[in-house]
Structure formats: structure tokens, C-alpha cells
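Enquirer: A structural model of the following input is requested.
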Amino acid sequence: MLEHLTKETFKEKVFNFEANKDWKYEGSVPCLIDFYADWCGPCKMVAPVLEELQKEYGDTLKIYKVDTEDQRELSAMFGIQSIPSLLFVPKDGQPQMAQGALPKETFEQAFAEVLKVTKPAN
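Expert: Below is the predicted model:
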């Protein structure tokens, strides 16, 4: 199961926006944050793909979920207008947002290019 973030856990694990004005990632490995809602069809299509990717990539990256209905303040901070919205957060550098239900290959490409993470060999 992927970890769901609240405003409090987001500040601990991703970015403490109350303490820092400039982006400063708090995590030890890159992450992807899936902004979703339970009623969203494309979000439901992406969910099993993300679960599978987390299993395949293991400890090399974290995949978090943020329920836009439950965490409105967090969603508003990132200007989430449409879902799914996916925030790719590299260990160093600025995060990048993508929108829509992406195919698995696109996630893998973004992990390699944006997050600088490749799938561990089995």
C-alpha cells in the first residue's frame, strides 16, 4: 500500500512549507506524489500502476498519495486544478508536475530523467 500524506506528514517527509520559503526536499530518496480523488476514473486507472512501480523500484524511491478532497489546503498550495496530478520530486532540484493518467512507460522515463532513478536489477 502506498502511504497517504496529510498536511503534517507532507511537511515531515516532503517539504516543510511553513519553515521554508524556498523549496527544500526533506526526504532521503526521490518521490512521486499522486494528487487524486476517490471518484476520479483516471486516478483509479493510475493507482495499480503506482502500486506496481513502488514494488518494482523498492527503496530507490517513494510514492505518496494525497487525497485532494481530504487535503484541500495541500492541493491548493500546488494549484491542483485537474486530477490526477503527479508531482515528481528529485532528491536535488525543483519538482516537476505532470497531469493525467500516464502509462507505466512514461512513469519509468520520468523516474529516470527527472528523479534520476532506475529500476534495481532483480
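Enquirer: show me where pLDDT drops low in the protein?
Expert: In the predicted model of the chain, residues 122 satisfy pLDDT under 70.
Enquirer: that one: strands as residue ranges?
Expert: 3-4, 31-36, 62-67, 85-89, 96-99 (DSSP state E).
Enquirer: list the contacts of D59.
Expert: V29 (C-beta atoms under 8 Å, 6 or more residues apart in numbering). C-beta here means a position set from N, CA and C on the backbone, and glycine is covered the same way.
Enquirer: swap the cut-off to 6 Å and go again
Expert: By C-beta atoms under 6 Å, 6 or more residues apart in numbering, the contact set of D59 is empty.
Enquirer: do the same with the one 5 residues further on
Expert: Listed by C-beta under 6 Å, 6+ apart, the contact partners of Y64 are 3, 5, 31, 33.
Enquirer: would you mind giving the strands of the chain as CSV with distance to E52 added?
Expert: Converted to CSV, these look like this (distance: least, C-beta to C-beta, whole Å):
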stretch, distance to E52
strand 3-4, 16
strand 31-36, 13
strand 62-67, 10
strand 85-89, 15
strand 96-99, 18
